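A.B. asks: Have a look at this prediction, sequence included:
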Amino acid sequence: MTELSTFALCLVLIAALLHALWNAIIKGAGDQTLSLGLVSLPHIFIGGAMVVLFLPPLAESWPFVAASTGIHFFYYAFLLRSYRFGDLSQVYPISRGIAPILVTLGALVFTGELLPLFGWVGIFLVSIGVCLPAILSRGRAKNPQAIMAALATGVFIASYSVVDGIGVRASGSPFGYIGWLFMLEIFVVAFIFYHRRHQLHQIPARVWGIGLSGGVASAAAYGLAIYAKSIAPMGAVSAVRESSVVIAALIGIVFLGERPWKIRIVSAFIVAIGVFVLALFV
């Protein structure tokens, strides 16, 4: 996998947009844990349909399905912990910003996937652009616990990204692999809903609708990203996908009136240059 084709680039940019949209949908959720359960719920049904419609993945890929499922539990735990101690607009970019570099290193170590020099330049630009607002901010994310949780979240993002990149390539059936990944979200949903079972009847219909809509967008975003890893370099896919952080920030500026806007525009510009470099040279 040595090239980031136009087709793969378009897939990942669509995934980034969908990822930004579903994050914008649940950004104001009062209960992050319960919202996570609602967003994960559609994954089960989408995954079930895919399991029925597509061939099952080859035996070689099942260890990767299991590993990815396990890693996601730790990812969710540290993600929620980072939200507990820091602001969403600060800890989220840190966790997503370090992931592309770690994914590129992981792909190099475990698959021998070597990017050209300009590929590394593009990935560093995207990572810097994504992290910049968080680095320069002065909110609660300066709390060491928030920073450590955000960094740990980034490590788990990179871990499941590399695992899924290797697994989907070994699967012989990318959509079957994605389907089983989504199906196994049932453990996350069951865990959350069991512990919040006394609150489920109190959830307004509007919140159910928002959560389930976000889940459909989330599933589409991650499914496209995994498929792109089967036809393009993992590091480049991860970098372009993390541009969703900047897209979400721009949505916040234009539609939600969030401030400060200048640093977010600079951040978006740096990420755009990084994506352009990846598209041109990888």
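C.D. replies: Sure, I can see it.
A.B. asks: Which other helices and strands does the helix or strand bottoming out on mean pLDDT in the chain contact?
C.D. replies: Per-element confidence for the chain was summarised using mean pLDDT, DSSP states H and E. The lowest value among helices and strands belongs to helix 244-255, with a mean of 74. Judged by 3 or more CB pairs under 8 Å, 6 or more residues apart in numbering; DSSP states H and E, helix 244-255 is in contact with helix 6-26, helix 88-111, helix 117-136, helix 262-281. Where you see a C-beta, it was placed from the backbone N, CA and C, and this is true even at glycine.
A.B. asks: Compare the ones you listed and give me the one nearest residue 46.
C.D. replies: helix 6-26 (13.1 Å; CB to CB).
A.B. asks: Looking at the helices and strands packed on helix 244-255, which one is packed in the most?
C.D. replies: Comparing the helices and strands packed on helix 244-255 by mean neighbour count (mean count of other CB atoms under 10 Å), helix 88-111 ranks first with a mean of 23.
A.B. asks: average pLDDT across that helix?
C.D. replies: Per-region confidence: helix 88-111 scores 85 on mean pLDDT.
A.B. asks: That helix versus helix 6-26: what angle between them?
C.D. replies: Direction vectors for helix 88-111 and helix 6-26, defined by axes from the mean of the first three to the mean of the last three CA atoms, to 10 degrees, enclose an angle of 150 degrees.
A.B. asks: Output helix 88-111 as PDB, nothing but the C-alphas.
C.D. replies: Extracted as PDB, the C-alpha positions of helix 88-111 are listed here (Å, rounded to 0.1, in the frame of the first residue of the first chain):
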ATOM      1  CA  LEU A  88     -13.800  18.900  24.900                       C
ATOM      2  CA  SER A  89     -12.300  21.500  22.600                       C
ATOM      3  CA  GLN A  90      -8.900  21.000  24.200                       C
ATOM      4  CA  VAL A  91      -8.400  17.300  25.100                       C
ATOM      5  CA  TYR A  92     -10.100  15.900  21.900                       C
ATOM      6  CA  PRO A  93      -7.600  17.600  19.500                       C
ATOM      7  CA  ILE A  94      -4.700  16.300  21.600                       C
ATOM      8  CA  SER A  95      -5.900  12.700  21.400                       C
ATOM      9  CA  ARG A  96      -6.700  12.900  17.700                       C
ATOM     10  CA  GLY A  97      -3.600  14.900  16.800                       C
ATOM     11  CA  ILE A  98      -0.900  12.500  18.000                       C
ATOM     12  CA  ALA A  99      -2.700   9.500  16.400                       C
ATOM     13  CA  PRO A 100      -1.500   9.900  12.800                       C
ATOM     14  CA  ILE A 101       2.200  10.000  13.800                       C
ATOM     15  CA  LEU A 102       1.800   6.900  16.000                       C
ATOM     16  CA  VAL A 103      -0.200   5.100  13.300                       C
ATOM     17  CA  THR A 104       2.600   5.800  10.700                       C
ATOM     18  CA  LEU A 105       5.200   4.500  13.100                       C
ATOM     19  CA  GLY A 106       3.100   1.500  13.900                       C
ATOM     20  CA  ALA A 107       2.500   0.700  10.200                       C
ATOM     21  CA  LEU A 108       6.300   1.000   9.600                       C
ATOM     22  CA  VAL A 109       7.100  -1.400  12.500                       C
ATOM     23  CA  PHE A 110       4.400  -4.000  12.000                       C
ATOM     24  CA  THR A 111       3.900  -4.000   8.200                       C
END
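A.B. asks: re earlier: just the buried positions in the least confident helix or strand of the chain, please.
C.D. replies: Buried residues in helix 244-255, counted by 16 or more other CB atoms under 10 Å: 244-253.
A.B. asks: ditto for stretch 198-214
C.D. replies: Buried residues in stretch 198-214, counting neighbours by 16+ other CB under 10 Å, are found at 203, 207, 210-211, 213-214.
A.B. asks: Output stretch 175-188 as PDB - backbone C-alpha positions only.
C.D. replies: As requested, the backbone C-alpha atoms of stretch 175-188 are provided in PDB (Å, rounded to 0.1, in the frame of the first residue of the first chain):
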ATOM      1  CA  PHE A 175     -17.100  -5.200   4.500                       C
ATOM      2  CA  GLY A 176     -17.400  -8.500   6.400                       C
ATOM      3  CA  TYR A 177     -14.600  -7.400   8.700                       C
ATOM      4  CA  ILE A 178     -16.200  -4.000   9.300                       C
ATOM      5  CA  GLY A 179     -19.500  -5.700   9.900                       C
ATOM      6  CA  TRP A 180     -18.200  -7.900  12.700                       C
ATOM      7  CA  LEU A 181     -16.400  -5.000  14.300                       C
ATOM      8  CA  PHE A 182     -19.700  -3.100  14.400                       C
ATOM      9  CA  MET A 183     -21.600  -6.200  15.700                       C
ATOM     10  CA  LEU A 184     -19.200  -6.500  18.600                       C
ATOM     11  CA  GLU A 185     -20.000  -3.000  19.800                       C
ATOM     12  CA  ILE A 186     -22.900  -4.900  21.500                       C
ATOM     13  CA  PHE A 187     -20.600  -5.400  24.500                       C
ATOM     14  CA  VAL A 188     -20.100  -1.600  24.900                       C
END
